[in-house]
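Asker: Show me the folded form of this:
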Amino acid sequence: MTGTVNCSWIDAPSGSPAPADNGITIWYSKVNDLSDRYDEYYQLIAPEEKTKAERFHREADRQRYVIQHGLLRKLLGDQLGISGDELTFNFGPNKKPYLSGHDIYFNLSNSDGEFLIAIAQEEMGLDIEIIKPNFNYQDIAQNYFGKDEIAFIDRSDDPAKAFFLLWTRKEALLKACGMGIDDDLPQVPALDGKHNLPARYPVKEWRTQSFCLEDQTMISLTYPGEPIQINLTALNSYGF
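Answerer: Below is the predicted model of the structure:
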C-alpha cells in the first residue's frame, strides 16, 4: 500500500484568520511591509535564533529571518494564548521544525521578500515562488521533472508559470512529508490529478492545491484528507 497525492488548481482563498481547528490559515506579507516591527519581533525569538540572525552577512537576510521567525512566534502565541517567546521548537527529520507540547502545526515559505506562514491542526507543507517570466528553468526541469511534466511545460502558453506551478507542488509535498528537497524529486508527481507516491512516503491521501496571487506569485499547499477550509489573510488586515 502506498500514499497518494491529488493535485488541483483552486481560486485564491480569502477570509479572516481562524482557529487552528477550523481549517488552515495562511498569512501573507512582504518583509519590507513589516520592517518597522523588527525590534518587536527580535525580542520574541529565542537566543539561538538571535545567534543565527547575527551570523547573516547581509542586513537584508538578517531582517528577513528575524521578521519571519518573530512573526511566526507571535501568530502561534496568539493561537495558543501565550507569549511567542515562551514557545519551544524541536526539529524532526531533515530539520523540519515542530512545536513542543502543543498539537498545532505550522509551515513557513519565502521568495524574494514575500512570505507565507500557515498554521493548522494537521501536518501540511506550503511553498511560494515569484514567477519570473525570463527564468531559465530548462536545466532544472531536465534534472528534477519527469518527461510528462516537461511536456506539460513545453506546451503551456506560459511556460514559466507552468514551471513554478509544478515546482511549488513538489516542494509543498516534500515539506508536508518532512523530506529533503532532493529526495526523489523527479518521482514526486505534480500534474493535475491523483497519483501514487513512492513507497517510502507516508501512507496518506495527500491533497495539493495551487493558486496564484496577482498573476505573479505561485503558491501550493499540501495537506492530508478531504478538501478543508483555507483562509488567506494579508497581514495588514490582521491589525499589523
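
Asker: wait, residue 224 sits on residue 201?
Answerer: No - using CB atoms under 8 Å as the test, residue 224 is too far from residue 201 to be in contact (11.6 Å). In short, each C-beta sits where N, CA and C put it, glycine included.

Asker: neighbours around residue 118, how many?
Answerer: 25 (other CB atoms under 10 Å).

Asker: In contact with it, which residues are there?
Answerer: By CB atoms under 8 Å, 6 or more residues apart in numbering, the contact set of residue 118 is 24-27, 106-108, 124, 126, 221.

Asker: top of those residues by neighbour count?
Answerer: residue 221 (30 neighbours).

Asker: and that one, which of the three is it?
Answerer: Secondary structure, DSSP: H, G, I helix; E, B strand; the rest coil: residue 221 is strand.

Asker: circling back to that earlier point, show me the contacts of residue 118 that map onto helices.
Answerer: Among the contacts of residue 118, the subset assigned to helices under DSSP state H is empty.

Asker: Redo those residues as JSON lines? Include distance to residue 100 and pLDDT.
Answerer: Shown next, in JSON lines, are those (distance: CB to CB, whole Å; pLDDT from 0 to 100):
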{"residue": "24", "distance to residue 100": "21", "pLDDT": "94"}
{"residue": "25", "distance to residue 100": "21", "pLDDT": "93"}
{"residue": "26", "distance to residue 100": "23", "pLDDT": "95"}
{"residue": "27", "distance to residue 100": "22", "pLDDT": "95"}
{"residue": "106", "distance to residue 100": "13", "pLDDT": "96"}
{"residue": "107", "distance to residue 100": "17", "pLDDT": "97"}
{"residue": "108", "distance to residue 100": "17", "pLDDT": "97"}
{"residue": "124", "distance to residue 100": "18", "pLDDT": "96"}
{"residue": "126", "distance to residue 100": "22", "pLDDT": "96"}
{"residue": "221", "distance to residue 100": "24", "pLDDT": "98"}
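
Asker: and those as CSV, adding distance to residue 146?
Answerer: Below are the contacts of residue 118 laid out as CSV (distance: CB to CB, whole Å):
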residue, distance to residue 146
24, 28
25, 33
26, 28
27, 33
106, 30
107, 25
108, 28
124, 24
126, 22
221, 22
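
Asker: From these, pick the one nearest residue 14.
Answerer: For those, the minimum distance to residue 14 (CB to CB) is 10.5 Å, reached by residue 26.

Asker: Residues in a beta bridge with the closest one, which ones?
Answerer: residue 118, residue 232 (DSSP bridges).

Asker: ranges for the strands of the protein?
Answerer: 4-9, 24-30, 89-91, 97-99, 105-111, 114-120, 125-130, 193-196, 205-213, 217-224, 230-234 (DSSP state E).

Asker: show me where pLDDT drops low in the protein?
Answerer: 16-22, 182-183, 236-240 (pLDDT under 70).

Asker: what's the lengthiest helix in it packed up against?
Answerer: The longest helix of the chain (DSSP H) is helix 59-80. Contact partners of helix 59-80 among helices and strands, from 3 or more CB pairs under 8 Å, 6 or more residues apart in numbering; DSSP states H and E: strand 24-30, helix 38-44, helix 47-55, strand 105-111, strand 114-120.
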